[in-house]
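A.B. asks: predicted structure and sequence below. I'll ask about it afterward.
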Amino acid sequence: MAVQSVCKGTGSEIDFSYFGGAESFTEGKRSPRRTTVVSPSEQDDGVSYPGPPQDPTEFLWIMTEEPHRSRRMAIMKAHPEVTKLMGYEPLTKYVVLAVVSLQLYLAMFLRHTHPLSFRFLFLAYAVGGTTNQNLFLAIHEITHNLAFKGINANKALAVFANLPIGVPYFAAFKKYHIEHHKHLGEDGIDTDLPTNFELLCLNNVLGKTFFATFQIFFYALRPGFVRMQTPTRWHLYNVIVQLLFDYVLVRTFGIRPLLYLLFSSFFAGSLHPCAGHFIAEHYVWDGLNQETYSYYGPLNILAYNVGYHNEHHDFPSVPWTRLPALRALAPEFYDILPSHPSWTMVIVNFIRDKEVGIFARAKRIAKNSKQKHESSSSSSDRE
């Protein structure tokens, strides 16, 4: 009662001697919780914070194994029929054909439109950004060999899906993405993780705005600085086919159709609602130690259900059309996990929220590094 009485009145009448040195009532106040829980539990009621804010000067280093393998084993034990959901999806190739055709039609349609006109930029953002994001995610789906039974057929379809993106992308993405699944969060292997340079330079509102605006370039260029690949014949096929396509397009219809495709790819990985999945999937929120987050909203229709991201990492062999069935099969595993209600607000909150930023990624020491460290420690002990 005494504390309540000293808080009444104007600011000059408040006795701050009761508040341990605080200079305002907003000091230490946390941002609103951003994630939701479908089925609240004792461990997480979906309202309060499961943990304290993360240190914004460092990544979240954890020593536990990535969570998807153990959850996959638990689900397979509880629901052995889950294997019936696995296997390729014949519909994928028709969706890819339709989206590629739409993009090429729009590129032709705009060949006489100035690249900086409202119509050109609006269509490149609203339609092109959405369709090229769809093609990014088609390639993601095909990377898991989920369009055909055979490997080469999947790779050929990925090269075709790559055409409206404007730059060769598929072959390099495939290897990096498979490593992302096998070595989730492992520093120096999982190239989805921000680097220390990004942490140092982009860890404020301005830096986060820059990152969210140009994130397509970070995802394209970062892997080459972190972990180079050995080129394969499919890297060569991807480059040759893409360059030939771009050359024929420019020679036949001029530079503007290619500019439309490139603008579309930029917008697809910029401040676009569908691009929210890049940040939503693995950034750590609300004081949680959770590494992967799902999103179950309507934009999944445009994005191969990539929002079902916990489900996808648990079972990469389940195609996009059956991920909702996987969640429905095992609600006791998925509905208790915090998820994002909006991809658009993920981008907004990432930029403005002090509790999330470049630092909000879970990292673990790579297995090879740990083995080397342990063997060197053993050698030292013997000596």
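C.D. replies: Now that the structure is in, tell me what you want to look at.
A.B. asks: C-alpha from now on. contacts and neighbour counts both.
C.D. replies: Noted.
A.B. asks: so which residues of the stretch 1-150 of the chain form helices?
C.D. replies: Shown for the stretch 1-150 of the chain, the helices assigned by DSSP state H, counting those that start in this stretch span residues 2-6, 67-78, 91-109, 118-123, 129-143.
A.B. asks: what's in contact with the last one?
C.D. replies: By CA atoms under 8 Å, 6 or more residues apart in numbering, the list of residues contacting helix 129-143 from outside reads 92, 96, 99-100, 103, 147, 154-155, 157-158, 161-162, 164-165, 170, 174, 177, 263-269, 272, 274-275, 302-304, 306, 319-320.
A.B. asks: one step back: the helices of the stretch 1-150 of the chain: which one's closest to Leu259?
C.D. replies: helix 91-109 (8.5 Å; CA to CA).
A.B. asks: list the contacts of Phe225.
C.D. replies: No contacts exist for Phe225 under CA under 8 Å, 6+ apart.
A.B. asks: in a strand, it, correct?
C.D. replies: No: under DSSP: H, G, I helix; E, B strand; the rest coil, Phe225 falls outside any strand and is assigned helix.
A.B. asks: tell me how far it lies from Asp190.
C.D. replies: 12 Å (CA to CA, to the nearest Å).
A.B. asks: quick one: Tyr219 and Asp190 touch, right?
C.D. replies: No: if you go by CA atoms under 8 Å, Tyr219 and Asp190 don't touch, sitting 11.6 Å apart.
A.B. asks: which one of those two has more residues nearby?
C.D. replies: Just comparing Tyr219 and Asp190: by other CA atoms under 10 Å the higher neighbour count belongs to Asp190, 23 against 17.
A.B. asks: can you give me phi and psi for the more buried one?
C.D. replies: Dihedral angles of Asp190 (phi, psi; degrees, to the nearest 10) stand at phi -80, psi 100.
A.B. asks: only alpha carbons, please: show stretch 295-310 as PDB.
C.D. replies: Provided in PDB are the C-alpha atoms of stretch 295-310 (Å, rounded to 0.1, in the frame of the first residue of the first chain):
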ATOM      1  CA  TYR A 295       3.900 -20.100 -39.400                       C
ATOM      2  CA  TYR A 296       0.400 -21.500 -40.200                       C
ATOM      3  CA  GLY A 297      -1.100 -18.500 -41.900                       C
ATOM      4  CA  PRO A 298      -2.600 -17.900 -45.400                       C
ATOM      5  CA  LEU A 299       0.700 -17.000 -47.200                       C
ATOM      6  CA  ASN A 300       1.700 -20.600 -47.100                       C
ATOM      7  CA  ILE A 301      -0.600 -21.000 -50.100                       C
ATOM      8  CA  LEU A 302       1.900 -19.000 -52.100                       C
ATOM      9  CA  ALA A 303       5.000 -20.500 -50.600                       C
ATOM     10  CA  TYR A 304       4.900 -24.300 -50.800                       C
ATOM     11  CA  ASN A 305       3.800 -24.500 -47.100                       C
ATOM     12  CA  VAL A 306       7.400 -23.500 -46.100                       C
ATOM     13  CA  GLY A 307       5.800 -22.000 -43.000                       C
ATOM     14  CA  TYR A 308       5.400 -25.500 -41.600                       C
ATOM     15  CA  HIS A 309       9.100 -25.300 -40.900                       C
ATOM     16  CA  ASN A 310       9.300 -27.400 -37.800                       C
END
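A.B. asks: at the geometric centre of this structure, which residue do we find?
C.D. replies: Geometric centre of the chain, nearest residue: Phe278, 2.7 Å, by CA atoms, centre = their mean.
A.B. asks: what sits up against the lengthiest helix in the chain?
C.D. replies: Using DSSP state H, we find that the single longest helix of the chain is helix 233-253. Applying CA under 8 Å, 6+ apart, the contact partners of helix 233-253 are 108, 111, 155, 159, 162-163, 166-172, 255-258.
A.B. asks: and the angle for that helix with helix 91-109?
C.D. replies: Helix 233-253 runs at 30 degrees relative to helix 91-109, counting by axes from the mean of the first three to the mean of the last three CA atoms, to 10 degrees.
A.B. asks: counting neighbours, which bits of helix 233-253 end up buried?
C.D. replies: Trp234, His235, Tyr237, Asn238, Val239, Val241, Gln242, Leu243, Phe245, Asp246, Leu249 (16 or more other CA atoms under 10 Å).
A.B. asks: name the residues that touch stretch 61-71?
C.D. replies: Under CA under 8 Å, 6+ apart, the answer for stretch 61-71 is Leu184, Gly185, Asn310, His313, Asp314, Phe333, Ala362, Lys363, Arg364, Ile365.
A.B. asks: quick one: the strands in this protein?
C.D. replies: For the chain, the strands defined by DSSP state E occupy 60-61, 294-295, 339-340, 362-363.
A.B. asks: show me how far the third one is from its chain's centre.
C.D. replies: Strand 339-340 has its average C-alpha position 13 Å from the chain's average C-alpha position, going by CA atoms, centre = their mean, to the nearest Å.
A.B. asks: quick revisit: quick check on the contacts of helix 233-253: which are buried?
C.D. replies: By 16+ other CA under 10 Å, the contacts of helix 233-253 give 108, 111, 155, 159, 162-163, 166-172, 256-258 as buried.
A.B. asks: quick revisit: in CSV: the helices of the stretch 1-150 of the chain, plus mean pLDDT.
C.D. replies: Shown next, in CSV, are those (pLDDT from 0 to 100):
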stretch, mean pLDDT
helix 2-6, 46
helix 67-78, 97
helix 91-109, 98
helix 118-123, 98
helix 129-143, 98
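A.B. asks: please produce JSON lines containing those, extended by distance to Leu200.
C.D. replies: Shown next, in JSON lines, are those (distance: least, CA to CA, whole Å):
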{"stretch": "helix 2-6", "distance to Leu200": "42"}
{"stretch": "helix 67-78", "distance to Leu200": "28"}
{"stretch": "helix 91-109", "distance to Leu200": "38"}
{"stretch": "helix 118-123", "distance to Leu200": "33"}
{"stretch": "helix 129-143", "distance to Leu200": "29"}
